[in-house]
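Enquirer: would you be able to build a 3D model of this:
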Amino acid sequence: MVRTSVVAVVVSLVAVAPVAAAEEAAGAHAHAPRKIVTLDGERIVPSDVTLSPGDVLQFENLSFDPLSVRFIEPEDQAKKIRCEYVGGKEKAPWLLFEWDDRGRLTGVVPPGRIASVCSLAPGRYAYLVRHAGSHQAAAEAGSRDEEKGTITVK
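Expert: As a prediction, this is how the structure comes out:
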């Protein structure tokens, strides 16, 4: 994995032709080409990324606060994305992306270093990033205090 500062978080998304098996070995993507998206709580750099099959996308959280990542497109994302925690049998709840009640993939990216591998089928994906815990409050208040990014998988 790419070495980053102490407050960096690495969440890997792997572009695949078919959606991958439920469990993958921790080093399965160690030598794959990488694209890095930096999150700092105020912006996403770069906000649009294109992946080829086998590429690994890393989200790095450079803020001091946990950030929430919520995929909003495509509508049928449950059929196109599979995520698993890598690194042992004991899984802490914040280390996994999970499906919300509307069928959208969501996850909290805390400061520090974790690995969660998500396999993405070809297509276009859109996601929102904001400070953790604020997606629901913002939705209720009608706020748009969030950043949007896109991922295109060839």
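
Enquirer: where does the protein have low pLDDT?
Expert: Across the chain, the ranges flagged by pLDDT under 70 are 1-29, 84-96, 112-116, 133-144.

Enquirer: again, only using 80
Expert: Residues of the chain that meet the criterion pLDDT under 80 lie in 1-32, 82-97, 110-118, 133-145.

Enquirer: can you pull out the helices in it?
Expert: Along the chain, counting by DSSP state H, helices occupy 134-141.

Enquirer: all strands of it, in order?
Expert: Remark: strands assigned in the chain by DSSP state E are 11-15, 34-39, 44-45, 48-51, 56-61, 67-73, 81-85, 98-99, 105-109, 116-120, 123-131, 147-153.

Enquirer: can you lay out these as JSON lines showing mean neighbour count?
Expert: Where C-beta positions appear, they are placed from N, C-alpha and C, glycine not excepted. Conversion of the strands of the chain to JSON lines gives the following (neighbours: other C-beta atoms under 10 Å):
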{"stretch": "strand 11-15", "mean neighbour count": "24"}
{"stretch": "strand 34-39", "mean neighbour count": "18"}
{"stretch": "strand 44-45", "mean neighbour count": "18"}
{"stretch": "strand 48-51", "mean neighbour count": "17"}
{"stretch": "strand 56-61", "mean neighbour count": "22"}
{"stretch": "strand 67-73", "mean neighbour count": "20"}
{"stretch": "strand 81-85", "mean neighbour count": "21"}
{"stretch": "strand 98-99", "mean neighbour count": "13"}
{"stretch": "strand 105-109", "mean neighbour count": "21"}
{"stretch": "strand 116-120", "mean neighbour count": "23"}
{"stretch": "strand 123-131", "mean neighbour count": "19"}
{"stretch": "strand 147-153", "mean neighbour count": "18"}
